[in-house]
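> kindly generate the corresponding structure for this input.
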Amino acid sequence: MRTGTFLTEEIESGPAGAKIGAFFDVDGTLLSGFSGIAFWRDRLLSGQMSASDLSENLLAWVGFQRGQIGFSGILTAWSSMLRGTPEQELVDTGGRLFEEELAALVFPESRALVAAHLRRGHTVAIVSAATRYQIEPLARDLGIERVLCTRLEVDDEGRFTGQYLRPACWGDGKADAVRALAAEEGLDLAQSYFYSDAAEDLPLFEIVGRPRPTNPDARLARIAEKRAWPTSCAPVSPRRPAGSRSRWACRSRWSPAGRRSGSTSRWARGAISAPRSRASSCACAARSTCGRRGRRCSSSTTRARSTS
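All right, here's what the predicted structure looks like:
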């Protein structure tokens with residue numbers, strides 16, 4: 001398997017123009033962790049989440065993690081909780097939470113990748129199962145104009161109905177959304193890129209010519225190894241207080257922790273590959289965690305034998 005950091009150097013030397021798509025997942029890919037937690041916590045602490053809402057959402061989340069319910073169960077619980085809430089309230093909350101919390105979780109290496117694609121004139125889009133209230137502030141910050149996401153139903157008075165619009169932008173729904181965008185804008189999917197950390201995005205990985213697993217979960221790491229897809233592991237965002245350690249941080253010699261202010265990592269500059277450790281291609285120490293949702297680094301299952 002080819003492993004190593006996926007680098008801006010490849011983008012800069014590759015084809016240019018708007019017919020090339022560059023599609024990005026959000027949680028665990030563009031930013032560290034799960035952005036939905038910030039919204040749930042904000043509603044809970046502000047008194048907007050009842051005990052029954054909390055119970056329903058926690059049960060849905062646990063059921064999803066155990067494979068007992070599909071992603072639709074999470075969406076149903078979340079959208080039901082918002083019934084009657086003005087849409088503008090969530091728009092405002094999304095902007096505030098991005099500034100207060102989520103902006104600090106954006107990987108600088110992901111910023112470098114997005115910027116490289118934009119410089120080449122590629123059609124860049126975020127493709128996420130999350131809602132626009134989580135994603136649009138991030139998209140604006142990164143200069144991304146196109147957002148493909150899950151939509152919540154809003155009535156004529158601008159309030160949520162408690163339903164989401166089907167199909168959700170998850171699994172096959174992501175691939176369908178990208179196919180529709182490609183047909184609309186004449187994109188060449190065979191020359192396009194997709195970045196994600198999750199195996200449930202396999203349908204979209206399979207329709208692009210340049211699949212790029214980023215901080216892959218265990219199942220995606222195995223698939224990438226079998227299919228010789230180059231993988232990368234981004235360290236945690238450097239905008240945390242000095243000396244703090246995130247549970248998502250890669251313990252890597254190429255991590256930004258300890259970089260001088262204003263300097264750029266080898267990953268972002270387009271170095272050939274990250275310094276290798278005995279543990280894995282992403283240089284994570286054993287028992288460390290990656291820039292994912294607090295899970296143990298799965299790339300230890302894929303040894304670095306060559307670079308992409």
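> burial of Ala18, as a residue count?
Neighbour count of Ala18, defined by other CB atoms under 10 Å: 14. Any C-beta I mention is one placed from the backbone N, CA and C, and that applies to glycine too.
> point out where the chain drops to low pLDDT.
Scanning the chain for pLDDT under 70 picks out 1-7, 64, 69, 234-308.
> could you pull out the helices for it?
With helices called from DSSP state H, the chain shows them at 8-13, 35-45, 51-65, 71-81, 87-100, 108-119, 132-142, 172-185, 202-205, 218-227, 266-269.
> got JSON lines for those helices, with distance to Gly28 and mean neighbour count too?
Output for these, formatted as JSON lines (distance: least, CB to CB, whole Å; neighbours: other CB atoms under 10 Å):
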{"stretch": "helix 8-13", "distance to Gly28": "20", "mean neighbour count": "17"}
{"stretch": "helix 35-45", "distance to Gly28": "10", "mean neighbour count": "17"}
{"stretch": "helix 51-65", "distance to Gly28": "14", "mean neighbour count": "14"}
{"stretch": "helix 71-81", "distance to Gly28": "15", "mean neighbour count": "19"}
{"stretch": "helix 87-100", "distance to Gly28": "17", "mean neighbour count": "16"}
{"stretch": "helix 108-119", "distance to Gly28": "10", "mean neighbour count": "21"}
{"stretch": "helix 132-142", "distance to Gly28": "13", "mean neighbour count": "20"}
{"stretch": "helix 172-185", "distance to Gly28": "14", "mean neighbour count": "17"}
{"stretch": "helix 202-205", "distance to Gly28": "15", "mean neighbour count": "20"}
{"stretch": "helix 218-227", "distance to Gly28": "10", "mean neighbour count": "18"}
{"stretch": "helix 266-269", "distance to Gly28": "16", "mean neighbour count": "20"}
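> out of those helices, the one nearest Tyr164 is which?
Closest to Tyr164 of the helices of the chain is helix 71-81 (CB to CB; 4.6 Å).
> need the contact partners of that closest one.
Contacts with helix 71-81, where a contact means CB atoms under 8 Å, 6 or more residues apart in numbering, come from 36, 43, 49, 53, 56-57, 59-61, 63-64, 129, 150, 152-153, 160, 162-164, 168, 170-171, 200.
> tell me how far it is from the chain's mean position?
20 Å (CA atoms, centre = their mean, to the nearest Å).
> again with stretch 142-160
Using CA atoms, centre = their mean, the offset of stretch 142-160 from its chain centre is 18 Å.
> can you point out the buried residues in it?
Buried positions in stretch 142-160, judged by neighbour count with 16 or more other CB atoms under 10 Å: 142, 144, 147-150, 152-154, 159-160.
> give the buried residues for stretch 208-215.
By neighbour count on 16+ other CB under 10 Å, the buried set for stretch 208-215 is 208, 210-215.
> likewise for stretch 191-207?
191-202, 204-205, 207.
> span of it from start to end?
10 Å (CA to CA, to the nearest Å).
> do the same with stretch 104-124
22 Å.
> cool, stretch 66-77 as well?
End-to-end distance for stretch 66-77: 16 Å, by CA to CA.
> just how off-centre is that stretch within its chain?
Worked out by CA atoms, centre = their mean, stretch 66-77 lies 19 Å from the chain centre.
> again, but for stretch 182-190
Using CA atoms, centre = their mean, the offset of stretch 182-190 from its chain centre is 22 Å.
> likewise for stretch 51-58?
Per CA atoms, centre = their mean, the centroid offset for stretch 51-58 relative to its chain is 25 Å.
> quick revisit: need the buried residues of stretch 142-160 in TSV (columns: distance to Glu100).
Output for the buried residues of stretch 142-160, formatted as TSV (distance: CB to CB, whole Å):
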residue	distance to Glu100
Leu142	18
Ile144	21
Val147	21
Leu148	26
Cys149	21
Thr150	23
Leu152	22
Glu153	28
Val154	25
Arg159	25
Phe160	23
